[in-house]
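> sequence first, predicted coordinates after that:
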Amino acid sequence: MTRNDRIETPVAVSGVIIRAALVAAVCLGAAVLVPVIGWSIAAVVCGLLAAAYPASQAGWGAVACFVVGMLIAGPDLGRSMLAVLLVQVILQLGALALVVPLRARVVLAALRPSAVRLVVGQAIAQPATFLVVQATSVAAPVMPWLALVGGGAVLGMSILLLILLRDASKAPSGR
């Protein structure tokens with residue numbers, strides 16, 4: 001290599017940015033979703049712990065604090081939809097923090113599958129959240145059968161996914 005040679009790399013982010021985004025998402029959720037200061041502090045502590053020690057899976061603790069806060073505050077469409085978004089963001093950033101060392105850099109193109117998972121998950125979860133909140137706020141006592149229909153749908157989708165996974169594992173790999 002000579003002096004006039006240079007190496008160009010695609011745009012990348014540091015592992016620090018991933019962990020900072022994790023803490024920011026937890027802080028946003030603690031501020032908006034949790035009305036009790038003690039639970040907010042517990043959520044932020046869990047977020048900091050998840051960023052510092054990703055293997056601790058403390059992001060789940062922050063999510064649990066959000067659940068408690070939402071149970072205390074009662075149903076609200078906007079907060080519910082924000083909670084669905086933040087839970088997925090926190091869990092995906094926590095998973096990325098597990099595999100991306102603190103000082104490492106990750107090319108943005110390598111984060112594309114995570115971004116696609118987030119968008120697809122939200123495209124499914126946000127309308128479902130809207131429908132569930134609307135259905136439970138309007139006619140919860142009138143429609144107890146809705147829980148059975150929802151449980152049946154989840155069971156059916158789970159069985160379908162297991163069948164598809166089994167068939168995919170039996171398919172020849174082409175090697």
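Perfect, I can see it now.
> can you report how many residues lie near residue 160?
10 (other CB atoms under 10 Å). Every residue, glycine included, has its C-beta placed from N, CA and C.
> next one: the one 3 residues further on
Under the neighbour criterion other CB under 10 Å, residue 163 is assigned a count of 10.
> ok now the helix or strand hosting it, how far from the chain's centre?
Assigned by DSSP states H and E, residue 163 belongs to helix 145-170. From the chain centre to the centre of helix 145-170 is a distance of 21 Å (CA atoms, centre = their mean, to the nearest Å).
> okay, the spatially most central residue of the chain: pLDDT?
Centroid check for the chain by CA atoms, centre = their mean gives residue 88 as the closest residue, at 1.2 Å. pLDDT for residue 88: 94.
> over to residue 11?
For residue 11, the predicted pLDDT is 86.
> and what of residue 173?
pLDDT, residue 173: 63.
> can you check residue 26 too?
At residue 26, pLDDT is 97.
> surely the residue nearest to the centre of the chain meets residue 121?
Yes - applying CB atoms under 8 Å as the test, residue 88 and residue 121 come out as touching, 5.3 Å apart.
> quick check: the residue lying farthest from the centre of the chain vs residue 170, distance?
Relative to the centre of the chain, the most outlying C-alpha is that of residue 2, 46.2 Å out, by CA atoms, centre = their mean. Applying CB to CB, to the nearest Å, the value for residue 2 to residue 170 is 54 Å.
> ok, residue 41 - contacts?
Residues in contact with residue 41 (CB atoms under 8 Å, 6 or more residues apart in numbering) are residue 30.
> which SSE is it in?
When elements are defined using DSSP H and E, residue 41 is found to belong to helix 37-52.
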